[in-house]
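# just coords:
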């Protein structure tokens, strides 16, 4: 049975919602869910950037339009805050958890070698990981993650997105065994 579950699909298909609902289902069953999510930062309904949130700890800025031109790595119009990304990645993945959730393993996050190394370390560990990954990416780090023999790739569609959190939860509970 694959211990690492990846959700993928085009933008707006529901990957984040699936992982959020999965996290809640697992927490409700008594499992400790660690990892990272990266919600949008909006001002007057306009996306200005993204936060980086350690599910069991602190939050910071992943990327923001205000960082453009400051010498940091860029993705589209967003400057990537490597300081927060590196520090929060180290902290989040060093915590004890039953399951790790990552939303997402994407171009912004992969500007950090620390983030990539921490994610790979969790993929290699006994602890299961559920993550969102880019749909069309077929090279580099994401391709290596998708190609792992202990990883299952699931495409989120309008037809399956409502049932996926429960399905993923069942698979992870089967892998983990009953909560003690």
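Nice, I can see it. On a predicted model such as this, the values are computed, not experimentally measured, just so you know. Numbers count the residues shown, from 1 in each chain.
# for the residue positioned nearest the centre of the chain, helix, strand, or coil?
Ranked by distance to the mean C-alpha position of the chain (CA atoms, centre = their mean), the top residue is residue 102 at 1.8 Å. Three-state call for residue 102 (DSSP: H, G, I helix; E, B strand; the rest coil): strand.
# Do you know the pLDDT at it?
Residue 102 is assigned a pLDDT of 98 by the prediction.
# Tell me how many other residues crowd the closest residue to it other than its chain neighbours.
Nearest non-adjacent residue to residue 102, counting by CB to CB, 6 or more residues apart in numbering: residue 131, 3.9 Å away. The way it works is simple: take the backbone N, C-alpha and C, and place the C-beta from them, glycine included. The local packing of residue 131 (other CB atoms under 10 Å) involves 26 other residues.
# quick one: contacts for residue 131?
4, 5, 6, 7, 19, 101, 102, 103, 104, 105, 119, 145 (CB atoms under 8 Å, 6 or more residues apart in numbering).
# Ramachandran angles for it?
phi -150, psi 160 (degrees, to the nearest 10).
# now swap in the one 5 residues further on and tell me
Note on residue 136: its backbone torsions stand at phi -90, psi -10 [degrees, to the nearest 10].
# Count the neighbours of it for me.
7.
# gap between residue 148 and residue 39?
Going from residue 148 to residue 39 by CB to CB, to the nearest Å gives 27 Å.
# Parallel or antiparallel, list what pairs with the longest strand along the chain.
Taking DSSP state E as the criterion, the chain has its longest strand at strand 46-54. Partners of strand 46-54 in the sheet, by DSSP bridges, are strand 33-37 (antiparallel), strand 40-43 (antiparallel), strand 59-64 (antiparallel).
# Could you say which of the ones you listed is packed most deeply?
Highest mean neighbour count among those (mean count of other CB atoms under 10 Å): strand 33-37, with a mean of 23.
# Skipping adjacent residues, who's closest to residue 52 in space?
That would be residue 62: by CB to CB, 6+ apart, it lies 4.0 Å from residue 52.
# again with residue 153
Residue 153 sits nearest to residue 6 (CB to CB, 6+ apart), 4.9 Å away.
# Tell me the confidence at the most far-flung residue of the chain relative to its centre?
Within the chain, residue 69 marks the point farthest from the mean C-alpha position, 26.9 Å out by CA atoms, centre = their mean. pLDDT for residue 69: 90.
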